[in-house]
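*Asks:* Using only what follows, build the 3D model:
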Amino acid sequence: MSFVNFLFERFEQFIEYTAFGNITWGHVIMIAIGLIFIYLAITKDYEPLLLVPIGFGILIGNIPFHPGLKLGVYETGSVMNYLYFGVIQGVYPPLIFLGIGAMTDFSSLISNPKLFLIGAAAQFGIFGAYMIALFLGFTPQEAGAIGIIGGADGPTAIFLSSKLAPDLMGAIAISAYSYMALVPVIQPPIMKLLTNGRERVIRMKPPRAVSKREKVLFPLIGLLLTCFIVPSGLPLLGMLFFGNLLKESGVTKRLADTAKGPLIDIVTILIGLTVGASTQATTFLTMKSIGIFALGAGSFVIATTTGVLFVKFLNIFLKDGRKINPLIGNSGVSAVPDSARVSQMIGQQYDKTNHLLMHAMGPNVAGVIGSAVAAGILLGFLY
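*Replies:* Prediction:
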């Protein structure tokens, strides 16, 4: 063998082990999607704490490599596979719910319990998408995992899909987080379409002051009530209410600060990066993934629509002065606090002195509880 042939063969072998030698159009498409996510996060401020890790994870997951190097998230023994363990086994979502509980003030919900009903009504998006997915030929387990996208709750979507449809988890998680980030884009047209000028300027009474005793009792009663009804939701609901008790008890400030600060930040990085990395083109780009994105959009639209329409229905039975502004109906989805901010933003377009944010936070946090309960119901029936 000549020296030139030897060099040529070594060069061919080198190319074979580079990304250039293994790249496909699928990888190029997914890398472009990852860059779009990062662009939207940085320039448009769309859920940057989620879209930056997910977008960068998509880049990591779609740098092609030679098989057998133990680099990918799906390859046993790789570092990314170890980090992904927390996703596939449902470890990360309850930890995120712990942090959410520690940073959430349920006062607006406690002061006006009717707002619970709005959060519950928005969960129709989950069950509506579930029925549509069944009609389109998905299995009951796959349909349940897809439907949860309508709750606009990424951790809940990951938790449920890890149990019911692990092979679809990447598409479901990306879909859920994408629609969470696009709340300010998707919801306003629906809210304006379903309300009239008189309804948009309804003023609600300021929420009453909530005592510390009520705040402390709420997570205890909430845990016992919801988990006795839906025990399968315990991993999420238990951690949510535990985090809230850490916050409201007043004697565990250090634990609450850790849960809502360093802990949730670390888990958000890990879950975003590994979920993004799970979108390897060879396993992610399928017709099922495209169908999931379409169903996720439908689920989100149904959730927003039912939330707004339910408030309009509720107002039929409420006296003047106690009516609820239908613009807060959108916040029944659990994209906290973005959907509540959308309520405030649209409301002030019609009356700059009408502040809906505090009222919208009631159904918004109710939506967090509602999506976890819905996930527990689906898990209990379909697992």
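
*Asks:* doesn't residue 268 make contact with residue 49?
*Replies:* Yes: with contact defined as C-beta atoms under 8 Å, residue 49 reaches residue 268; the gap is 6.0 Å. All C-beta atoms are positioned from the backbone trio N, CA, C, and that covers glycine.

*Asks:* And the two? Which one has more around it.
*Replies:* Set residue 49 next to residue 268 and count neighbours by other C-beta atoms under 10 Å: residue 268 wins out with 19 against 13.

*Asks:* give the contact list for the more buried one.
*Replies:* Taking C-beta atoms under 8 Å, 6 or more residues apart in numbering, we find residue 268 in contact with 49-50, 53, 96.

*Asks:* give me that answer again for 10 Å
*Replies:* Residue 268 is in contact with 49-50, 53, 92, 95-96, 99, 154-155, counting by C-beta atoms under 10 Å, 6 or more residues apart in numbering.

*Asks:* same check, this time on residue 245
*Replies:* Residue 245 makes contacts with 101-102, 215-220, 222-223, 252, 255-256, as judged by C-beta under 10 Å, 6+ apart.

*Asks:* between the residues you listed, which is nearest residue 179?
*Replies:* Using C-beta to C-beta, residue 101 is the member of the contacts of residue 245 that sits closest to residue 179, with 22.8 Å.

*Asks:* pretty sure that closest one is in contact with residue 219, am I right?
*Replies:* Yes: the pair residue 101 / residue 219 is scored as a contact, 7.3 Å apart, by C-beta atoms under 10 Å.

*Asks:* And those two? Which one has more around it.
*Replies:* Ranked by neighbour count (other C-beta under 10 Å), residue 101 and residue 219 place residue 101 first, with 29 against 24.

*Asks:* Which residue, other than its chain neighbours, is closest to the more buried one?
*Replies:* residue 243 (2.6 Å; C-beta to C-beta, 6 or more residues apart in numbering).

*Asks:* quick one: which helix or strand includes the one you found?
*Replies:* helix 234-248 (DSSP states H and E).

*Asks:* what's downstream of that helix, the next helix or strand?
*Replies:* Counting by DSSP H and E, what follows helix 234-248 is helix 253-258.

*Asks:* what packs against that following helix?
*Replies:* Identification of packing neighbours for helix 253-258 by 3 or more C-beta pairs under 10 Å, 6 or more residues apart in numbering; DSSP states H and E yields helix 92-103, helix 234-248.

*Asks:* how far out from the middle of the chain is that helix?
*Replies:* Chain-centre distance of helix 253-258: 24 Å, with C-alpha atoms, centre = their mean, to the nearest Å.

*Asks:* what comes into contact with it?
*Replies:* With contact meaning C-beta under 10 Å, 6+ apart, helix 253-258 is reached by 98-99, 101-103, 242-250, 252, 263-264.

*Asks:* buried set for that helix?
*Replies:* By neighbour count on 16 or more other C-beta atoms under 10 Å, the buried set for helix 253-258 is 255-256, 258.

*Asks:* any chance of these in TSV, plus pLDDT?
*Replies:* Shown next, in TSV, are the buried residues of helix 253-258 (pLDDT from 0 to 100):
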residue	pLDDT
255	97
256	97
258	97
